[in-house]
Structures are given as structure tokens and as C-alpha cells.
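1. give the three-dimensional model of this entry:
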Amino acid sequence: MSVVFTPWLLCVCITLQYLFFLFFFPSLSFGRKPRGSPFQEETNRNDSRVIRTRFLMQLYACLLGFLLVLWWLRETMSFEEVFVLVCTGGETKKNASKSSSSRMFGILGVAMDVTTDLFFGLAVTGLVYFGPVVCAVFRSSAMMYQRSDDDYDENEDESNENEHNGKIIDGMFRFLFGHHRENAERYGRLVPIRDVLLAPFFEEFIFRGLLLTVLLGTGSDKGTTTSGSAAVSTRSAVYVSPLFFGFAHINHYFALKKVYGPAKASRFVLFQCIYTTAFGALAGTIFWRCKAGLAGAWSLHASMNAFGVPDFRPFRRRKTNAFEPPHFRRRGRNNSDDTWSSDDYNSGVKGKHFNAKIINWLERICYVLGPAVAREFVRSRIVV
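-> Numbers count the residues shown, from 1 in each chain. You can find the predicted model right below:
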């Protein structure tokens, strides 16, 4: 009985082989009993040996996935055309080798496209995280006025005042990016490099570059694919394919189950799958609408990983005031150094210079307004 090999089935194969290389292949002992392997426990994912090995496994997965895409489009496209198609994304609407900027400027035109789309991805991230950034600005600004009596000195010279303002700025960056500094200090520099640079590139190459190339390889919303089956519409490819990306994060359940139990681990993984699927739809849209689609999607993914998942702080119910400006402190919670910890942002006194409810509602509006504006900003990008 013949089986029709649909593009969706090929996407399943590419996803499974990526998960196999990343999570299962390094753990195989091939009949030998492993001794102290860091792959025996998912909690060791931050081990430097695990990061290096998974980096190599991701390279293998990307290579094998690309070969599968070459096989799928073998009848209609050459190697060069498929490679350009995977990297450009937006050129799926036209012949992959006929980029107007590339014809006019050659390498310079390609560099211009890549640079433009890198900044486009950063701009979209800035809009998506408009709420958290405003929240950090409000809290850091409140510190300038909420200084304890023992820290305040009317005769304080300008150098001390500049030092004070510098600590406020440093505290705002800790509020937004402090988790990467903590991971680097605890596990090593490879962890933030993996989270911000390497993982976004490999995931975008697999789940945007390869999957969307397979689904939209015909360059038309109508017609047939290379195998004769019905072509996949642009809307279905961009908004359904992110389900594969969300599915790829289910593996975290097994590690979380050991720490938090099955109920809490299930809730966390469900939220992560929904969040990553929504992000995948946004990244897929950018990949489709940009000339250098892979560069734009990677820029978006890397910058959003730098911020991390928004904590939705203004929407949390509190027994105390809705907005509590953190107390400026010259020492951490352990009183042993002259730094701030992220916990310092969760402590403080009620604001005397801000209306707590107004600030809280402004933060909520910014949290909702940012993604809404980002959506329109992406949709306004003319498909190349």
C-alpha cells in the first residue's frame, strides 16, 4: 500500500530527528554502562559538557534536516536555491535566486538585507517588551525618591550622587537581564551564550527555515508540491507549524516533575508550550515577511531570550499596595556586598511620589499595548 508523503509528515520527521539528536542520542550508551554521565539527569543541562555536546548534536540535526529538505525539493530546486530559500524566507513568494537587492548590489545588497532585518527583529522585541521595560523604568525612577534616612545626606557630593544614579541604572538592568548574569556566575558563560545566541539560531533554522521551506516550497498558496500533494497555504504554514516548536518543549516536563511534582510540572509545561507556540507564530510571520527571514527571526528569538518570559508583575494580586517602589539599598539582602539582588525589587515601602493605582494601571496598559503595536508593526512590513 503506497503512502503519500505529505509536507506535514516531513515536518514531523524533521522535528523528531532534532529532538532525538538533542535529547536522546547523547544519552545512549550503546550497550555500555555510562559512568557519571551528565546526560543521565535533565537537571544537568547547564553542565559545560552537556552544552558542548548538544551544540554538536544540533549541528548534526540541522545538517540532516537540510538534507531532508533537499530531497523533498529535489525535482524543482537546486542546492543553491534551497539554501537561499531557507535563509531568506520571504523569497518563497518568488524565485529564490531573484532577489532585487542581490541583483543590484551583490554581497552589499545581501548585507543590507541582513542588517535591516536584524534591527527589525530587535524593534519588534522592543515593542513586545514595552510593558516590562516601562515597569522597570517606573521602579528604578521611584528609587531616586525613595531613599532611606540612613542613606540620605544633604551634603552628599556630586560623585556620590552619580554613584547613586549609576546603581539605579544598574538595578534596572538587573531587573530585566539579571538572570543571565546569575546563570553565568553559577554555571559559567556558556549558559547565557547558549540561551541568547546558539539555541535561538538552531531553533530558528529548524522550525522556521526548514519547516516553512518544506511547507511553502512551491512558492504559491495554490497548486501542488513536488510530490503531487496539495500545497499548504501561507496562513496554515505560518500559524500551524509553530505547534511543532511548542511540542519540542514538552521534554522539560520530566525534569520539572522530579522537582515540583506532576501537577505543577504539567502547568508549567502547558504554559511554556502555549507561550512558545505564540512566539513561533510571530517569528514565522517575520520569517515570511523579511528578505533575510532567518536573520530577522533569529534576532527576534535572541533578543526575546535575553529578556526572558515576562513576569506579568502588574497583573498579580497583592495583599499590599499594587505598586510598591523598591527601597534604595546600598547593600544587598545579606549585607555583605554593595550590590543589588533581584529580590530587592520586591521589597520596599509604599510610594510617596507616585499614585500607586495609576502607576499600576499604566503598567498594565503598556503590557497589553506593546504586543498589540508589535503585531501591527509586523503586519505592516511589506512581503518581499
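2. so which residues of the stretch 101-250 of the chain form helices?
-> 107-128, 130-143, 158-187, 190-193, 199-204, 211-215, 234-240, 242-247 (DSSP state H, counting those that start in this stretch).
3. rounded mean pLDDT for the fifth one, please.
-> When you say that, I think you mean helix 199-204. Across helix 199-204, pLDDT averages out at 95.
4. helices or strands up against that helix?
-> On a contact count with 3 or more CB pairs under 8 Å, 6 or more residues apart in numbering; DSSP states H and E, helix 199-204 meets helix 48-72, helix 293-307. For every residue, glycine as well, the C-beta is placed using N, CA and C.
5. who's in contact with stretch 365-372?
-> In this structure, residues lying in contact with stretch 365-372 by CB atoms under 8 Å, 6 or more residues apart in numbering are 127-132, 134-135, 310, 312, 314-315.
6. kindly recompute the last result at 10 Å.
-> Here stretch 365-372 makes contact (CB atoms under 10 Å, 6 or more residues apart in numbering) with 124-135, 137-138, 278, 282, 310, 312-315.
7. can you show me the CA trace of it as PDB?
-> These are the backbone C-alpha positions of stretch 365-372, laid out as PDB (Å, rounded to 0.1, in the frame of the first residue of the first chain):
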ATOM      1  CA  ILE A 365      -1.900  49.200  29.600                       C
ATOM      2  CA  CYS A 366       1.800  49.100  28.500                       C
ATOM      3  CA  TYR A 367       1.900  45.300  28.900                       C
ATOM      4  CA  VAL A 368      -1.200  45.000  26.600                       C
ATOM      5  CA  LEU A 369      -0.300  47.900  24.200                       C
ATOM      6  CA  GLY A 370       3.200  46.600  23.400                       C
ATOM      7  CA  PRO A 371       2.300  43.300  21.800                       C
ATOM      8  CA  ALA A 372      -0.700  44.900  20.000                       C
END
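8. what's the mean pLDDT across that stretch?
-> 92.
9. so which of the helices of the stretch 101-250 of the chain comes closest to Ile51?
-> Taking CB to CB, helix 190-193 is the member of the helices of the stretch 101-250 of the chain nearest to Ile51, at 4.7 Å.
10. which positions in the closest one come out as buried?
-> Judged by neighbour count (16 or more other CB atoms under 10 Å), helix 190-193 contains these buried residues: 190-192.
11. quick one on the thing from earlier: which one of the helices of the stretch 101-250 of the chain has the poorest average confidence?
-> When I compare the helices of the stretch 101-250 of the chain, helix 158-187 is least confident, with a mean of 69.
12. that older thread, as CSV, the helices of the stretch 101-250 of the chain with distance to Phe79 would be great.
-> As requested, the helices of the stretch 101-250 of the chain are exported to CSV (distance: least, CB to CB, whole Å):
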stretch, distance to Phe79
helix 107-128, 18
helix 130-143, 42
helix 158-187, 38
helix 190-193, 31
helix 199-204, 21
helix 211-215, 13
helix 234-240, 22
helix 242-247, 25
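13. winner for burial among those helices?
-> helix 211-215 (a mean of 27; mean count of other CB atoms under 10 Å).
14. and that one, what does it pack onto?
-> helix 7-19, helix 48-72, helix 79-88, helix 234-240, helix 242-247, helix 262-289, helix 293-307 (3 or more CB pairs under 10 Å, 6 or more residues apart in numbering; DSSP states H and E).
15. what's downstream of the fifth one, the next helix or strand?
-> Counting by DSSP states H and E, the element after helix 242-247 in chain order, helix or strand, is helix 252-260.
16. pLDDT below threshold where in this protein?
-> 1-5, 26-43, 90-106, 141-172, 218-231, 317-355, 382-384 (pLDDT under 70).
17. between the helices and strands packed on helix 211-215, which one is nearest to Gly209?
-> For Gly209, the closest of the helices and strands packed on helix 211-215 is helix 79-88, at 4.2 Å, according to CB to CB.
18. follow-up on the earlier one: so of the helices and strands packed on helix 199-204, which one's packed in deepest?
-> helix 293-307 (a mean of 25).
19. and the angle for that helix with helix 107-128?
-> 40 degrees (axes from the mean of the first three to the mean of the last three CA atoms, to 10 degrees).
20. Leu73 is in contact with Glu81, correct?
-> Yes - when contacts are counted by CB atoms under 10 Å, Glu81 is listed as touching Leu73 (8.0 Å).
21. more neighbours: those two, which one.
-> Remark: of Glu81 and Leu73, Leu73 carries more neighbours, 20 against 17, as counted by other CB atoms under 10 Å.
22. list the buried ones in the helix or strand harbouring Val368?
-> Here Val368, judged by DSSP H and E, is contained in helix 356-379. By neighbour count on 16+ other CB under 10 Å, the buried set for helix 356-379 is 359-360, 362-364, 366-367, 370-371, 374, 378.
23. and the residues you listed, which is closest to Gln272?
-> Taking CB to CB as the measure, Pro371 is the one of the buried residues of helix 356-379 closest to Gln272, at 17.7 Å.
24. ok, that closest one to Leu127 distance?
-> Plainly put, Pro371 is 7 Å away from Leu127 if you go by CB to CB, to the nearest Å.
25. any idea of the angle the helix holding Val368 forms with helix 262-289?
-> Going by the same axes, to 10 degrees, helix 356-379 makes 50 degrees with helix 262-289.
26. okay, the angle between helix 356-379 and helix 130-143?
-> 150 degrees.
27. one step back: format the helices and strands packed on helix 199-204 as TSV; extra columns: distance to Arg181.
-> Putting the helices and strands packed on helix 199-204 into TSV (distance: least, CB to CB, whole Å) gives the following:
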stretch	distance to Arg181
helix 48-72	17
helix 293-307	12
